[in-house]
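> no letters, just coordinates:
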Ligand code: PLP
């Protein structure tokens with residue numbers, strides 16, 4: 001890319017969560033293969049991010065590319081209203097088979113946030129169809145569900161953007177975030193606040209929505225599966241729907257195909273996205289039980305009121321279907337277990353370092369929580385100099401590499417983190 005391209009980018013193009021007037025630096029990537037991102041000056045970076053949890057098979061995979069080109073020869077897109085196509089059917093068949101028991105009906109959407117919007121609309125329409133006015137949601141502090149309005153309204157009110165949109169967002173209920181860690185002994189009192197809120201508000205709740213077991217962008221916290229089990233029991237007891245947002249956790253990332261499996265539960269509604277297409281295209285899905293789907297469909301509207309232009313896009317469906325086939329054939333459990341073992345041995349000992357408040361690992365997710373916020377621009381440049389792509393935020397430096405990563409490349413990532421936490425200059429004062 002020329003200096004003029006980069007100047008244009010800086011002056012005219014928004015990047016995620018950055019400013020137009022004081023943008024953070026961006027690094028020009030011209031190609032990506034396997035677990036490597038190639039910068040335009042020829043440098044190769046080992047990818048520790050899977051492009052935000054998505055590229056589980058690595059980049060430029062010949063099978064995913066082939067699925068795309070085969071589909072493109074047939075049709076890139078066709079409307080889904082009144083039409084169906086083989087790639088959508090193949091994908092939805094796999095989704096129904098792979099996801100927790102009882103989830104039988106699939107709504108294809110464009111992105112994770114839209115899948116969350118769809119799930120919340122479904123819950124609202126469900127109760128409307130049953131003649132009950134239930135319009136509030138119960139969720140957890142420290143949660144993250146996306147950036148569109150309904151999704152934002154159930155993100156943590158403190159560390160999300162709630163304050164910016166005060167008065168515009170509906171007011172939902174937030175239980176204290178679980179504190180009992182994934183591998184600690186379960187403490188029954190952890191569920192108290194959630195139990196209190198569901199008891200008090202059951203009659204006005206359309207659904208509970210949460211990220212099962214891993215709270216991602218809201219803090220990279222791993223909580224006890226028994227918490228999720230209790231949530232399921234309490235939802236059943238109080239007749240409230242449960243929406244599991246598996247957008248970040250789905251497709252093996254936590255060591256189970258879906259994080260709900262750690263607790264042995266099935267939600268009434270589940271959202272998936274991110275890794276669904278192996279990180280190649282944007283696509284998400286909201287799955288429901290037959291009962292939820294039938295109730296909505298038999299209600300006053302006689303249908304579910306959502307239908308985006310690019311719903312069921314054939315290219316996205318074809319590549320997602322191939323990605324799921326690869327996941328099933330790829331021995332992902334062994335891949336994830338190998339990554340988890342290496343992350344544990346390399347990252348957990350960093351707990352003792354002065355700058356480190358906590359280190360934790362689950363599946364292919366390795367997290368270093370620091371005592372002071374990272375200096376994002378400096379730390380990012382530090383990592384790039386060491387040939388790795390790691391994007392920290394706040395007090396979190398974390399890894400979630402593609403499942404195909406080899407030990408040598410993974411060690412480059414963990415070595416770079418070990419070196420970074422020894423450099424006080426890479427952290428801000430408060
Ligand atoms: N839900 C969860 C748990 C997420 O982690 C994210 C994105 O990080 C979303 C929803 C939103 O997905 P998208 O960015 O595709 O809209």
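That came through, no problem. Keep in mind it's a predicted model, so treat the numbers as computed, not measured. Residues are numbered from 1 along each chain as shown.
> before we move on, what SS does residue 369 have?
Using DSSP: H, G, I helix; E, B strand; the rest coil, the secondary structure recorded for residue 369 is strand.
> how about residue 372?
For residue 372, the assignment made with three-state DSSP gives coil.
> equivalent analysis for residue 397, please.
Of the three states, residue 397 takes strand according to three-state DSSP.
> repeat for the one 5 residues further on
Look at residue 402: counting by three-state DSSP, its state is coil.
> if we ignore the residues flanking it in sequence, what's nearest it?
Computed as Cβ to Cβ, 6 or more residues apart in numbering, the closest residue to residue 402 that is not its neighbour in sequence is residue 58, at 4.3 Å. C-beta coordinates here come from the backbone N, C-alpha and C atoms, glycine included.
> on the pLDDT front, check the one you found for me.
If you check residue 58, the pLDDT there is 97.
> ok and the residue in the stretch 101-250 of the chain nearest the ligand?
residue 112 (2.1 Å; Cβ to the nearest ligand atom).
> ok so, going back, what's around the residue nearest to residue 402, how many residues?
Neighbours of residue 58 under the rule other Cβ atoms under 10 Å: 21.
> distance of it from residue 167?
Computed with Cβ to Cβ, to the nearest Å, the distance linking residue 58 and residue 167 is 45 Å.
> ok, now residue 2?
Taking Cβ to Cβ, one finds residue 2 at 45 Å from residue 167.
> compare neighbour counts for these two and give me the winner.
Legend: neighbour count by other Cβ under 10 Å for residue 2 and residue 167, higher for residue 2 (9 against 5).
> now that one: how far from residue 268?
Applying Cβ to Cβ, the value for residue 2 to residue 268 is 52 Å.
> and the residue in the stretch 251-400 of the chain positioned nearest to the ligand, how far from residue 227?
Here the stretch 251-400 of the chain gets closest to the ligand at one residue, residue 273, 4.9 Å apart by Cβ to the nearest ligand atom. Taking Cβ to Cβ as the measure, residue 273 falls 23 Å from residue 227.
> which bits of the stretch 151-300 of the chain sit near the ligand?
Residues of the stretch 151-300 of the chain found near the ligand, taking Cβ under 6 Å from any ligand atom as the criterion, are 211, 216-217, 245, 247-248, 273.
> go again using 5 Å as the cut-off
211, 216, 245, 247-248, 273 (Cβ under 5 Å from any ligand atom).
> residue 22: helix or strand, and which one exactly?
Assessed by DSSP states H and E, residue 22 sits outside every helix and strand.
> roughly how far does it sit from residue 383?
Taking Cβ to Cβ, one finds residue 22 at 21 Å from residue 383.
> more neighbours, those two?
Higher neighbour count among residue 22 and residue 383: residue 383, with 24 against 6, using other Cβ under 10 Å.
> who's in contact with the more buried one?
389-390, 416, 420 (Cβ atoms under 8 Å, 6 or more residues apart in numbering).
> name the nearest of these relative to residue 9.
Nearest to residue 9 among the contacts of residue 383, counting by Cβ to Cβ, is residue 389 at 17.9 Å.
> look up phi and psi at the closest one.
Main-chain torsions, residue 389, degrees, to the nearest 10: phi -110, psi 100.
> next: residue 324.
Residue torsions, per degrees, to the nearest 10, at residue 324 are phi -70, psi -40.
> tally of neighbours for it?
Residue 324: 22 surrounding residues under other Cβ under 10 Å.
> which residues does it contact?
Going by Cβ under 8 Å, 6+ apart, the list of residues near residue 324 reads 91, 94-95, 98, 251, 276.
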